[in-house]
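Engineer: would you be able to build a 3D model of this:
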Amino acid sequence: MAGNATQKSGDTTHTCAGQSANLVPDSAYARARMTVIFGNATRCTRAASLGSVKFERDDPLYVATLRTTRCDASGSFAFLRVPDGIWYATTSVKWGQTEGGSMMQRVDVRGGKLVKVSLP
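Structural biologist: Take a look at the predicted model:
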């Protein structure tokens, strides 16, 4: 899976450079978590000005299966050898104190094919 994340502000395009990019396998907990954070479990952004959502205790399976990488200088990220299934790709594009936000997209990986994700 390969992706990139950008967000425009006026004439300036900001990227997720240096931010974590996450890949989460689908589960009832993952769907519920995405819905709490983003309002749905398909595709959405959450403004940084809304602050982060805190969870009391994460499902141990969610924590154990979460994959993380870093966005490169151009705002690109990649995950190798992603098994078939439904996944959630998440990252953040932030600048200033409360500008930008977090973004998520549900991704369906099938047949070992390269899936390209463009957030938001």
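Engineer: which residues of the protein fall in helices?
Structural biologist: 28-38, 60-65 (DSSP state H).
Engineer: where exactly do the strands run in the protein?
Structural biologist: Here the chain has its strands, by DSSP state E, at 2-9, 12-15, 20-25, 43-47, 67-70, 76-78, 85-95, 99-109, 116-119.
Engineer: so what does the fifth one touch, helix or strand wise?
Structural biologist: Helices and strands touching strand 67-70, as assessed by 3 or more C-beta pairs under 8 Å, 6 or more residues apart in numbering; DSSP states H and E, comprise strand 20-25, strand 76-78. Using the backbone N, CA and C atoms, a C-beta is placed for each residue, glycine as well.
Engineer: next, the buried residues of the longest one.
Structural biologist: Using 16 or more other C-beta atoms under 10 Å as the test for burial, strand 20-25 gives 21-25.
Engineer: pLDDT added to those, as JSON lines?
Structural biologist: As requested, the buried residues of strand 20-25 are arranged in JSON lines below (pLDDT from 0 to 100):
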{"residue": "Ala21", "pLDDT": "99"}
{"residue": "Asn22", "pLDDT": "98"}
{"residue": "Leu23", "pLDDT": "98"}
{"residue": "Val24", "pLDDT": "98"}
{"residue": "Pro25", "pLDDT": "98"}
